[in-house]
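J.: Turn this into a structure:
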Amino acid sequence: MIKGQKMSKGKLVLTLFLTFLKIGAFTFGGGYAMIALLEEEFVGRRKWLTHEEFIDIIAIGESTPGPIAINSATFIGYRQAGFFGSLASTLGVVLPSVIIITVISLFFDRFMQFRYVQYAFEGIRACVVYLIFSAGLRMFKGLKKKPVTYVIFGAVAALFISFYIFGIGFSSVICILVCGCVGLFIYALTSLKNREGGAEQ
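T.: Numbering: from 1, shown residues only. Next up, the predicted model:
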């Protein structure tokens with residue numbers, strides 16, 4: 001049984017809201033930087049998800065319309081406490097950003113003129129790079145060790161590095177669609193081989 005399901009429904013919804021409120025308040029750099037915090041909270045600390053389930057949720061959140069952070073929060077919330085869980089999780093993850101951006105927008109020019117604010121953002125940018133890299137590394141380590149996994153990962157990494165070096169524009173959406181189609185093709189091919197092998201036996 002999932003650990004979160006042992007709580008009462010109301011307490012679970014409140015826990016989801018407060019958890020995502022905390023994650024939303026301390027995440028800089030967008031949804032990709034949030035992945036590491038989500039994994040630490042729901043896989044490592046609370047044990048509500050297995051690592052494989054978490055990777056599936058991130059894949060779904062990335063391949064569906066909308067920001068990955070909001071999609072993942074909505075999905076995790078719904079999985080734990082249904083509609084109200086998804087509502088609480090989504091509100092929790094977006095509320096800090098809405099409040100902070102609204103306040104900053106009122107005096108943005110003066111805010112950015114503070115030297116210490118500029119220094120703080122320099123440090124935050126470096127931290128965001130680390131968070132995104134560490135999240136990607138953890139997800140890669142958690143993937144099933146299959147040849148196709150390494151082939152797709154190597155091909156995507158080589159393409160992105162090449163495009164970056166030569167200044168070629170490339171949509172990440174196309175990359176997601178292509179990799180999804182490749183995964184479906186390989187799955188269909190594997191299933192067909194397994195059926196043929198079973199029929200021969």
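
J.: in this structure, which spans are helices?
T.: 9-25, 31-39, 51-63, 68-106, 108-113, 115-142, 147-166, 172-200 (DSSP state H).

J.: Next up, the contacts around Leu18.
T.: Gly92 (CB atoms under 8 Å, 6 or more residues apart in numbering). (Glycine included, C-beta is placed from N, CA and C.)

J.: Distance check, it against Ala88.
T.: Distance of Leu18 to Ala88, given as CB to CB, to the nearest Å: 9 Å.

J.: try Glu52
T.: Distance from Glu52 to Ala88, by CB to CB: 25 Å.

J.: Could you tell me how many residues sit around Thr64?
T.: For Thr64, the neighbour count with other CB atoms under 10 Å is 12.

J.: Distance-wise, check it relative to Tyr150.
T.: For Thr64, the distance to Tyr150 - CB to CB - is 26 Å.

J.: Same question for Arg45.
T.: Taking CB to CB, one finds Arg45 at 30 Å from Tyr150.

J.: on that earlier part again, could you redo the helices of the chain as TSV and give each row mean pLDDT?
T.: Listed next are the helices of the chain as TSV, based on pLDDT from 0 to 100:
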stretch	mean pLDDT
helix 9-25	90
helix 31-39	77
helix 51-63	81
helix 68-106	88
helix 108-113	70
helix 115-142	72
helix 147-166	77
helix 172-200	75
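
J.: In space, what's closest to Leu14 - neighbours in sequence excluded?
T.: Distances taken as CB to CB, 6 or more residues apart in numbering place Ala88 nearest to Leu14, at 7.3 Å, with adjacent residues excluded.

J.: now the one you found: how far from Arg195?
T.: Taking CB to CB, one finds Ala88 at 44 Å from Arg195.

J.: More neighbours: these two, which one.
T.: Each of Ala88 and Arg195 has its neighbours counted (other CB under 10 Å); Ala88 has more, 24 against 10.

J.: According to the record, where do the domains of the protein fall?
T.: By the assignment in automatic domain parsing, the chain contains the domains 3-143, 145-201.

J.: Let me know which of the ones you listed is tucked in deepest.
T.: Most buried of those, by mean neighbour count (mean count of other CB atoms under 10 Å): domain 3-143, with a mean of 16.

J.: from the chain's centre, how far out does that domain sit?
T.: 8 Å (CA atoms, centre = their mean, to the nearest Å).

J.: Could you do stretch 165-180 as well?
T.: On the basis of CA atoms, centre = their mean, stretch 165-180 sits 18 Å off its chain's mean C-alpha point.

J.: Using CSV, write down the CA coordinates of it.
T.: What follows is stretch 165-180, C-alpha atoms only, in CSV (Å, rounded to 0.1, in the frame of the first residue of the first chain):
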residue,chain,number,x,y,z
ILE,A,165,28.0,23.7,-31.8
PHE,A,166,26.9,24.5,-35.3
GLY,A,167,24.1,26.9,-34.1
ILE,A,168,21.3,24.8,-35.7
GLY,A,169,17.8,25.5,-34.3
PHE,A,170,15.9,22.4,-33.2
SER,A,171,12.6,22.0,-31.4
SER,A,172,12.6,19.8,-28.3
VAL,A,173,9.0,18.9,-29.2
ILE,A,174,10.1,17.2,-32.4
CYS,A,175,12.7,15.3,-30.4
ILE,A,176,10.1,14.1,-27.9
LEU,A,177,7.8,13.0,-30.7
VAL,A,178,10.5,11.2,-32.6
CYS,A,179,11.8,9.4,-29.5
GLY,A,180,8.2,8.4,-28.6
